[in-house]
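S.K.: fold the following, please.
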Amino acid sequence: MPDEWQVTEVIDTADESGKIEAWEVTLTRPADGVTLAMFLPKVAIESTAVACGLTSTAEVIDVLMHRAVHPIYEPNLPESNPWHMSGEEARAAALERAERCKRDHATVATAVPKARTAAARKAADVLAPLRSHVRIDPVKAAAVRLEQQRALLHAGE
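M.R.: Predicted coordinates for the structure are as follows:
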């Protein structure tokens, strides 16, 4: 049975220079109290959506949180480069890797908690800062991805 992880804290922060805005996300495994701190630049949500062909903020958060814990279980599993494949292939690879983690190793609770009122749900949602930071526009993300791939081709990648 896969381990269960929970996002227990999200702190608004920045790198040491103060130039890269980020979140420090703390993941906790309740079974034994093990915690994992993750430094997540705020641009990571949109850039992951573009690179991996993901179409919603929820998908991106799910992929990023499972990407954070997966190396604990399979430290030598190589990660594919999404820029060396089509958008559809990159999307399938990112989602498959998250599903592999969920199926074989661990799940990370990323869903909005159920509560009676919107205010109660927002108060209970530790990931609310990430969810509200950016809304993924799938058409814009696909266009940016195509432009980036075109630039890589011209650069000789």
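S.K.: near K102, how many other residues are there?
M.R.: 15 (other CB atoms under 10 Å). (Each C-beta comes from the backbone N, C-alpha and C, glycine too.)
S.K.: roughly how far does it sit from G156?
M.R.: Separation of K102 from G156 (CB to CB, to the nearest Å): 38 Å.
S.K.: then V60?
M.R.: V60 is 29 Å from G156, by CB to CB.
S.K.: these two - which one has more neighbours?
M.R.: V60 (24 against 5).
S.K.: mind checking which helix or strand that one is in?
M.R.: Assessed by DSSP states H and E, V60 sits inside helix 57-73.
S.K.: what average pLDDT does stretch 117-130 get?
M.R.: Taken as a whole, stretch 117-130 has a mean pLDDT of 77.
S.K.: no wait, stretch 17-35
M.R.: So the average pLDDT for stretch 17-35 ends up being 95.
S.K.: next one: stretch 53-68
M.R.: Averaged across stretch 53-68, the pLDDT comes to 94.
S.K.: could you identify the helix or strand that succeeds the helix or strand hosting F39?
M.R.: Following DSSP H and E, the helix or strand that holds F39 is strand 34-41. Next along the chain after strand 34-41, taking DSSP H and E as the criterion, comes helix 44-52.
S.K.: elements contacting that following helix?
M.R.: In terms of contacts (3 or more CB pairs under 8 Å, 6 or more residues apart in numbering; DSSP states H and E), helix 44-52 is packed against helix 57-73, helix 87-104, helix 138-155.
S.K.: can you list contacts of the second one?
M.R.: By that I understand helix 87-104. Helix 87-104 is contacted from outside by 2, 48, 51-55, 59, 62-63, 66-67, 69-70, 73, 79-80, 82-83, 85, 107, 142, 145-146, using CB atoms under 8 Å, 6 or more residues apart in numbering.
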